[in-house]
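*Asks:* need coordinates for the following:
(2 chains)
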Amino acid sequence: MVDNAPLLEVKGLKKHFPVNEGLILMKTVGYVQAVDGISFTIKQGETLGLVGESGCGKTTTSKLILRLEQPTEGQVLLNGQDIYELKGQDLKNYRTEVQAVFQDPWSSLSPRMRVKDIVSEPLVVNRKVSAAEKQERIAEVMAQVGLHPEQADNYPHEFSGGQRQRIAVASALSSYPKLIVLDEPVSALDVSIRAQVMNLIKDLQEEYNVSYLLIAHNLATVRYMAHQTAVMYLGQIVEYSDTEELYQNPLHPYTKALFSAALPSHPDLIQEEIVLTGEVPSPINPPKGCRFHPRCPFAMDRCSEEIPIPQQVSPGHQVACHLY
Amino acid sequence: MNLSDNSTVLEVEDLRTYIYTRTSIVKAVDGISFNLKKGETLGIVGESGCGKTMTALSLLRLVPRPAGKIVTGEIRLNGSDLVQKTEEEMRAVRGRQISMILQDPQTSLNPVFNIGNQLGESLSIARKDDRKGLASRAVDALRKVNVAAPDRRLEDFPHQMSGGMKQRVVGAIAMSCEPSVIIADEPTTALDVTIQLQYLRLLKDIQAETGLSIIFITHDFGVVARMCDRVAVMYAGRIVEEGSVRDIFNNPSHPYTEALIQSVPKLEEKVERLYSIEGQPPLLSNLPNGCRFADRCPHAKEICTADYPDSFNISEGHTADCWRLDSSW
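*Replies:* Sure thing, here's the model as predicted:
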């Protein structure tokens, strides 16, 4: 395999959930277009940040990539292989190669399992490993995430929030995955603990050369963690670029509004704020044309009719807007 | 109503609120003092479990009973001490003089009553009125918090509204009796970024119009930078540093404040590596004698673990509890 070929490739991915009415004779009256034709790639050892407001389809995207949902249309390729066609042992391998860390470590760890069982679960479920191998691996990953290997016999309730999130990271890492989906990994944690966990996640990336799909709504977190960033609005990617390029030169009106709504890190940095009117429309009947046009301060006639196609404005910077 | 601009509305002195459990005493609020002026926004910043919310509940005398108790201290609101008031008297204070906005609008609104009912309930406490009168006042209250088409919203139930709209309704209820102080306990954490900004601007507008004083409880330094005039940083039941918002950001003097500001990723610039504070805050049921931050502090010396530091004045209105500021350090 060529070195700079992408690890994960998402092509025109769509997921529409039917909306049914009636009790016995269920009739489909519409579709929630949760994810509507998104494409992106993640390189080995890099992080893609996916930002957007609630309901924009970030979590559905992560579920599709974890193969917890079947797409309506489109493909997800891991190392060139379509993940929706995997069966049997190949699928089991896929399950070890792609792992997830969720937002809330109070609900993502089973309270009835010992830490050692949580950590080794991805390893034993999908592969044959000897008891000695398992022990060794548990001790190794626990040390790597900054926990004492002796704590492996404890239950999750004996740990603090930050430690629990470390357990979740250890569990995700134990099977040597290629990709980890991080769904708001630090937003349930306290400020001083967040930095610890973010630094840990970054360090482990270098050590394992693992790729991350980082789902977050905090823009500063994404700037700190991600190599590339995609901004989602109502099931579509409106802007997609290298992180630094995007943060220095945001182009799409929605991205600009999102950045200006983010709170400053110093009282002297309060900038001109673009206040969006209204709220995100329903994904059941999204607006025609550009989905952002009813809230866009720069909307033209064309925007309500024509769907903007993503344009490459500079190398590695794509934007879907009629202004460009 | 007092019209002089610099009058102090709320004075808290040496407030201590303890929670008595079977095995220990949790010192949730352990001797804090602060003032709040008319029209001012004070931010109380700290991590979970540092006593922020207990402080807020103490101000409203809503500390969970029987376990929790205000042990000592004074809370002088518009001149009278709330700690000495009877439960009956407190009922006349809550809502009318001091009110609260909670974090999650989903749980602070009642799901089985419509918006008109819930608003009407608090509006009728402010002033008795007939149904029609209440309805029109409810519409006005909703208009003040920028709810679109307010007359059609009265019949709606909470589940029919979005998070941002619900939080506006909560705001309208909190302000229905025109209190002089509002405590906002993480009011925007449950909201999206663009909606959060709308809400924060709304609070600022209302404050400019009515001269309301706001206590903003948060862990987000962005909210502090955007909203607050003064900041009190809490750690393990104490206020460790207090000052104007610029004092705190430009010249953080307690190592905890400094570390906290440095450990937040910045939107405006690329940070190569975040500073992270190792370890965890001490248990409130088993507090050390000395400085409570000492075991996480990079500067700690012997004296830090032996004695709790005095409060040192750094500049006008800027104080911090840290031995580093002592001349003999």
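*Asks:* what distance do you get for the residue in the stretch 151-300 of chain B that chain A sits nearest to to B:Asn250?
*Replies:* With Cβ to the nearest Cβ as the measure, B:Gly222 is the residue of the stretch 151-300 of chain B nearest to chain A, at 2.7 Å. In short, each C-beta sits where N, CA and C put it, glycine included. Here the criterion is Cβ to Cβ, to the nearest Å. By it, B:Gly222 lies 16 Å from B:Asn250.
*Asks:* could you do B:Glu155 as well?
*Replies:* To B:Asn250, B:Glu155 is 50 Å away according to Cβ to Cβ.
*Asks:* got it, and A:Asn285?
*Replies:* Separation of A:Asn285 from B:Asn250 (Cβ to Cβ): 50 Å.
*Asks:* also B:Ser48?
*Replies:* With Cβ to Cβ as the criterion, B:Ser48 and B:Asn250 are 27 Å apart.
*Asks:* the more surrounded of these two?
*Replies:* More neighbours surround B:Ser48 than the other of B:Ser48 and B:Asn250, with 15 against 12 (other Cβ atoms under 10 Å in any protein chain shown).
*Asks:* just checking, what packs against the helix or strand containing A:Val10?
*Replies:* Per DSSP states H and E, A:Val10 falls inside strand A:8-21. In terms of contacts (3 or more Cβ pairs under 8 Å, 6 or more residues apart in numbering or on different chains; DSSP states H and E), strand A:8-21 is packed against strand A:27-42, helix A:58-65, strand A:73-78.
*Asks:* what angle separates the second one from strand A:73-78?
*Replies:* Here helix A:58-65 runs at 70 degrees with respect to strand A:73-78, directions being taken by axes from the mean of the first three to the mean of the last three Cα atoms, to 10 degrees.
*Asks:* ok, which stretches of the chain are strands?
*Replies:* All of this is about chain A. For chain A, the strands defined by DSSP state E occupy A:8-21, A:27-42, A:47-51, A:73-78, A:81-82, A:98-101, A:179-183, A:211-216, A:228-233, A:236-242, A:311-314, A:317-319.
*Asks:* nope, chain B please
*Replies:* Along chain B, the segments classed as strands by DSSP E run B:8-20, B:25-37, B:41-45, B:68-77, B:80-81, B:98-101, B:181-185, B:213-218, B:230-235, B:238-244, B:311-315, B:318-321.
*Asks:* Serialize those to CSV and add fields for mean neighbour count, mean pLDDT and distance to chain A.
*Replies:* What follows is these, written out as CSV (neighbours: other Cβ atoms under 10 Å in any protein chain shown; pLDDT from 0 to 100; distance: least, Cβ to the nearest Cβ, whole Å):
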stretch, mean neighbour count, mean pLDDT, distance to chain A
strand B:8-20, 19, 95, 19
strand B:25-37, 20, 94, 16
strand B:41-45, 25, 95, 9
strand B:68-77, 17, 94, 22
strand B:80-81, 12, 94, 33
strand B:98-101, 24, 94, 18
strand B:181-185, 24, 95, 15
strand B:213-218, 24, 94, 10
strand B:230-235, 24, 96, 10
strand B:238-244, 25, 96, 9
strand B:311-315, 14, 94, 16
strand B:318-321, 22, 96, 14
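*Asks:* can you tell me which of these comes nearest to A:Gln236?
*Replies:* strand B:213-218 (32.6 Å; Cβ to Cβ).
*Asks:* export that closest one as PDB, just CAs?
*Replies:* In PDB, the C-alpha atoms belonging to strand B:213-218 read as follows (Å, rounded to 0.1, in the frame of the first residue of the first chain):
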ATOM      1  CA  SER B 213     -26.900  42.200  38.900                       C
ATOM      2  CA  ILE B 214     -25.800  38.800  37.700                       C
ATOM      3  CA  ILE B 215     -23.800  36.100  39.400                       C
ATOM      4  CA  PHE B 216     -22.500  33.800  36.600                       C
ATOM      5  CA  ILE B 217     -21.500  30.400  37.700                       C
ATOM      6  CA  THR B 218     -19.400  28.700  35.100                       C
END
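*Asks:* name every strand pairing with it and say which way it goes.
*Replies:* strand B:41-45 (parallel), strand B:181-185 (parallel) (DSSP bridges).
*Asks:* which residues does residue 15 contact?
*Replies:* Using chain A. Going by Cβ atoms under 8 Å, 6 or more residues apart in numbering or on different chains, A:Lys15 touches A:Ala34, A:Val35, A:Gly57, A:Thr60, A:Leu64, A:Glu69, A:Pro71, A:Thr72.
*Asks:* ah, I was thinking of chain B
*Replies:* B:Val29, B:Gly31, B:Ile32, B:Ser33, B:Thr55, B:Ser58, B:Ile70, B:Thr72, B:Gly73, B:Glu74, B:Ile75.
*Asks:* mind naming the longest helix for the chain?
*Replies:* You didn't say which chain, so I picked chain A. Secondary structure of chain A per DSSP state H: the longest helix is helix A:191-208.
*Asks:* wrong chain, I was asking about chain B
*Replies:* helix B:193-210.
*Asks:* what's the angle from that one to strand B:213-218?
*Replies:* Per the same axes, to 10 degrees, the angle that helix B:193-210 makes with strand B:213-218 is 160 degrees.
*Asks:* what parts of the stretch 201-324 of chain A come near chain B?
*Replies:* By Cβ under 8 Å from any Cβ of the partner chain, the residues of the stretch 201-324 of chain A that approach chain B are A:217-221, A:223-224, A:244, A:247, A:257-270, A:273, A:275-276, A:279-280.
*Asks:* keeping just the C-alphas, turn stretch A:177-192 into CSV.
*Replies:* C-alpha atoms of stretch A:177-192 as CSV (Å, rounded to 0.1, in the frame of the first residue of the first chain):
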residue,chain,number,x,y,z
PRO,A,177,-6.8,-0.2,16.1
LYS,A,178,-6.1,1.9,13.0
LEU,A,179,-8.9,4.3,13.6
ILE,A,180,-10.6,5.6,16.8
VAL,A,181,-13.8,7.5,16.7
LEU,A,182,-13.7,10.1,19.5
ASP,A,183,-17.2,11.4,20.1
GLU,A,184,-16.8,14.5,22.3
PRO,A,185,-14.1,12.8,24.3
VAL,A,186,-13.5,15.6,26.8
SER,A,187,-16.6,17.6,27.0
ALA,A,188,-18.0,15.7,30.1
LEU,A,189,-14.7,16.3,32.0
ASP,A,190,-13.6,19.2,34.2
VAL,A,191,-11.4,22.0,32.7
SER,A,192,-8.2,20.9,34.4
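*Asks:* list the buried ones in that stretch?
*Replies:* With burial defined by 16 or more other Cβ atoms under 10 Å in any protein chain shown, the residues of stretch A:177-192 counted as buried are A:177-186, A:188-192.
*Asks:* where are the low-confidence patches of the stretch 1-150 of chain A?
*Replies:* A:1-4 (pLDDT under 70).
*Asks:* which one of the residues in it is closest to chain B?
*Replies:* Taking Cβ to the nearest Cβ, chain B has its nearest neighbour within the stretch 1-150 of chain A at A:Glu53, 4.0 Å off.
*Asks:* okay but that residue is in contact with A:His217, surely?
*Replies:* Yes. Counting by Cβ atoms under 8 Å, A:Glu53 touches A:His217, with 6.7 Å between them.
*Asks:* shared neighbours, the two?
*Replies:* Both A:Glu53 and A:His217 are in contact with B:Asp192, B:Val193, where contact means Cβ under 8 Å, 6+ apart.
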